[in-house]
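Asks: Requesting a structural model of the entry that follows:
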Amino acid sequence: MFAVSMEAVDLVVTALTAGAAAGMKDTATSMVKDAYRGLVTAVRDRLSRDGEEPAFVSMVEAHAADPDDWREDLAAALRAVDVADDAVLLAAARDLLALMEVPGTDTSKYTVSIRDSQGVQVGDGNTLHIGHPSGQ
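Replies: I've put the predicted structure just below:
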C-alpha cells in the first residue's frame, strides 16, 4: 500500500507543480487554468476534510508560489491523508496533466481499437513485409 500512496502523492504534487507553472503564463488555456483551480480545491478540501491543520491547507498556496521549497512539506501532508484513496482527487491530477501533455505522465502511449484486421502493427519503429511466403 505504501508504494501506491507514494505514486499517488507524486502524481498530485507533479500536477500541482505543473499547473502552478502553467497558470503563471499567459499562454495557459482556460481549460488548464480551470483544471488547476479544480485540483487545488480538491487538495484543500481533502486536507480540510481529514482535519488537518489550517497550516497544511495554506501549504497548497505556498507550494504554488515556491514549489521547490514546499514540495516535500506538501507531499508529507498528502501522505498523511492517504490521497491514494481519493479517486476524485487523483482523477483531477491526471486530467490536468493530460491537458498539459506533461511528458512522462501519460500512462498509455497509444489508444488503439483494432477489429477484423490482419498485418496491423502498433508501436514505434515497426517494419511490415507483405509478400508471398516463398519470397516470390
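Asks: distance between the ends of stretch 18-31?
Replies: 14 Å (C-alpha to C-alpha, to the nearest Å).
Asks: if you take the average position of the chain, which residue is closest to it?
Replies: Central residue of the chain (C-alpha atoms, centre = their mean): Arg94, 3.4 Å from the mean position.
Asks: quick one: it and Met31, what's the gap?
Replies: Distance of Arg94 to Met31, computed by C-beta to C-beta, to the nearest Å: 14 Å. For every residue, glycine as well, the C-beta is placed using N, CA and C.
Asks: could you pull out the helices for the protein?
Replies: 2-23, 30-49, 54-65, 67-80, 87-100 (DSSP state H).
Asks: Show me what counts as buried in the last one.
Replies: Residues of helix 87-100 classed as buried: 89-90, 92-94, 96-97, 99-100 (neighbour count, 16 or more other C-beta atoms under 10 Å).
Asks: Turn those into a markdown table, including pLDDT and distance to Glu7.
Replies: Shown next, in a markdown table, are the buried residues of helix 87-100 (pLDDT from 0 to 100; distance: C-beta to C-beta, whole Å):
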| residue | pLDDT | distance to Glu7 |
| --- | --- | --- |
| Leu89 | 92 | 13 |
| Leu90 | 92 | 10 |
| Ala92 | 93 | 16 |
| Ala93 | 93 | 11 |
| Arg94 | 90 | 12 |
| Leu96 | 91 | 16 |
| Leu97 | 90 | 13 |
| Leu99 | 88 | 20 |
| Met100 | 85 | 19 |
